[in-house]
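Trainee: The sequence and its predicted three-dimensional model are supplied below.
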Amino acid sequence: AREQHDGAGHEPAAEDAVGLGRCPECGAWSTAASPARAAPSDAGLVVRTLAGTGRAGARIHTGAPEADRVLGGGLVPGSVVLLAGEPGMGKSTLVLQLVAGLVEAGRRCLLVTGEESVDQVALRAARLGAPRERIRVAASGSLGAVLEASAREEPEVLVVDSIQTLSDDALEQSSGSVVQVRECAASLVRHAKSTGRAVLLVGHVTKDGSVAGPKTLEHVVDAIVTLEGERSGSLRLLRAVKNRFGSCEETGVFAMTAGGLASVPDPSSMLLSDRRPGPGSAVHAGLEGTRPVLVEMQALVVGTPLAQPRRVAIGIDQRRLAALLAVLAKTARDKLSSCDVFVSAVGGLHVREPAGDLAALLALASALDGAPVDPGLVAVGEIGLGGEVRRAPGMERRLAEAARLGFARALVPRASKATCPGVDTIGVADIGEAIDALTSYRVARSAGPEVATCYA
């Protein structure tokens, strides 16, 4: 190749170098060639109909009923599940408890940790009372080492904590980068599909609460579950953001204890166990997915010398509180403009649904007047910007849960036709009628127990 220069011995012009290229190894010109590409082949591609396919395989039960509820009945062999959550929520604790439950059920598991040492995992296992002698653990941040260990151990469930600590040695980027997270996740997905092993990945979140890494990560996995809760509280909620093998409407409830995350089969009773009825307190019959949950809404209204009164929302959306106060000030009350307002969903549960507006309104009206709400009353309804009370889904389940816990009355939208034995439903069309209903009960109660019973 070196003899391809002309007789004068000069090298090709710069434009020729750009067009033909020069070998960086031997310095030869015009020796670059495109590699021959094999023509695409359809050999081995089987095309068939959907008849006789899609048979549901046996799910792998994790031993945690609340986790199985969210996953749709357990882990699906060959699936990839991403568990995300803020730091301190208990993700590593939860996955270790799941591994312990799987091992006790006779399942083969492998836990690969890239954030902690094996000794640190052993300390947590001792605190949780997990069978340490039967849990297989490895500490590595190399994708190749993880895949090699999985092929050698042949687990039914592979847990990687976390996907952001893995790195592929063939890539130049550091672990946690967009390229590394995307390629490592894709490799683990291919591994799960080819071997039939269930893979559980732990993922980080950003400051706004979304899953850290490329959006591709959320697309390639089969399910995304998030662990949420107030860091200072003990309640943790496991929600499904995406689930190819089950519903996204289920919510698992856990309580953080000294022995780890404990499943809470009856969250309503736990949330209302410390309730003390009084001014500024109302009960909302909510829905967390398909599960009815009763939660206490509290409000505090106090005068303030500040030119800009404070509006603090804990456990509810700040924008919904602002809208609710605006509707309340326009249609019913005007004394809130000179008061600090605090509204909280007690117990650490975040009320996301608009159906909690009516209970928050009752708590605000009660705090403003200094008179208690009927302790046997629950409220369900969305408040529109015109002050109207709108219907909420799943009213029958909400009322049934209220009846189970001993509530005798329910303030509901007038358009709702739902009924429940043992619960007297009071339909209201707007917030004016809702406040009048509370006032009527107070007047009847002050007249005597017989009159109050007749009103109820």
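Mentor: Great, that's in hand.

Trainee: so A151, which of the three states?
Mentor: Of the three states, A151 takes helix under DSSP: H, G, I helix; E, B strand; the rest coil.

Trainee: hang on, I meant H350
Mentor: Applying three-state DSSP: H350 is coil.

Trainee: Okay, A429 and P155: tell me how far apart.
Mentor: 59 Å (C-beta to C-beta, to the nearest Å). Every residue, glycine included, has its C-beta placed from N, CA and C.

Trainee: These two: who's more crowded?
Mentor: P155 (22 against 13; other C-beta atoms under 10 Å).

Trainee: wait, doesn't the more buried one sit right on G196?
Mentor: No: the pair P155 and G196 fails to qualify as a contact (C-beta atoms under 8 Å) at a distance of 11.1 Å.

Trainee: and F407, what does it touch?
Mentor: Contact partners of F407, counting by C-beta atoms under 8 Å, 6 or more residues apart in numbering, are 283, 285, 294, 376-378, 423.

Trainee: what do you get if the cut-off is 6 Å, keeping everything else the same?
Mentor: 376, 378 (C-beta atoms under 6 Å, 6 or more residues apart in numbering).

Trainee: Check it and give its pLDDT.
Mentor: Model confidence at F407, given as pLDDT, is 95.

Trainee: Check the secondary structure at it for me.
Mentor: Per three-state DSSP, the local secondary structure of F407 is coil.

Trainee: Next up, phi/psi of it, please.
Mentor: Geometry field for F407 lists phi and psi as phi -80, psi 130, criterion degrees, to the nearest 10.

Trainee: Distance-wise, check it relative to C420.
Mentor: From F407 over to C420 (counting by C-beta to C-beta), the distance is 10 Å.

Trainee: now what about the helix or strand containing L83, what contacts it?
Mentor: Element membership for L83 (DSSP states H and E) is strand 80-85. When contacts are taken as C-beta under 6 Å, 6+ apart, the neighbours of strand 80-85 outside the stretch itself are 91, 189, 192, 199-203, 205, 211, 221-227.

Trainee: What is the neighbour count of L385?
Mentor: Using other C-beta under 10 Å as the criterion, L385 is surrounded by 11 other residues.

Trainee: element containing it?
Mentor: Counting by DSSP H and E, no helix or strand carries L385.

Trainee: ok, and the closest non-adjacent residue to it?
Mentor: Ranked by C-beta to C-beta, 6 or more residues apart in numbering and with sequence neighbours excluded, the top spatial neighbour of L385 is V327, at 6.2 Å.

Trainee: ok, S366 touching V373?
Mentor: Yes: A contact is recorded between S366 and V373 when judged using C-beta atoms under 6 Å, the distance being 4.9 Å.

Trainee: Direction included, what does the strand holding L83 pair up with?
Mentor: strand 198-203 (parallel), strand 223-228 (parallel) (DSSP bridges).

Trainee: Enumerate the positions of the helix or strand following it that are buried.
Mentor: As assigned by DSSP H and E, the chain's next helix or strand after strand 80-85 is helix 91-104. Going by neighbour count (16 or more other C-beta atoms under 10 Å), the buried part of helix 91-104 is 91-103.

Trainee: Can you spell out which helices and strands pack onto the longest strand seen in the chain?
Mentor: The strand spanning the most residues in the chain, taking DSSP state E as the definition, is strand 291-303. Counting by 3 or more C-beta pairs under 6 Å, 6 or more residues apart in numbering; DSSP states H and E, the packing neighbours recorded for strand 291-303 are helix 267-271, strand 281-288, strand 339-345, helix 357-369, helix 395-404.

Trainee: any chance of these in CSV, plus distance to E249 and mean pLDDT?
Mentor: Conversion of the helices and strands packed on strand 291-303 to CSV gives the following (distance: least, C-beta to C-beta, whole Å; pLDDT from 0 to 100):
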stretch, distance to E249, mean pLDDT
helix 267-271, 16, 91
strand 281-288, 9, 93
strand 339-345, 20, 93
helix 357-369, 21, 92
helix 395-404, 12, 94
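
Trainee: I'd like to know which of the ones you listed is closest to N243.
Mentor: strand 281-288 (15.5 Å; C-beta to C-beta).

Trainee: Check which helices and strands the closest one sits against.
Mentor: When contacts are defined as 3+ C-beta pairs under 6 Å, 6+ apart, strand 281-288 sits against strand 291-303, helix 357-369, strand 377-379.

Trainee: Need the contact partners of the last one.
Mentor: Among residues not part of strand 377-379, those counted as contacts by C-beta under 6 Å, 6+ apart are 282-283, 285, 358-359, 362, 402, 407, 409-411.
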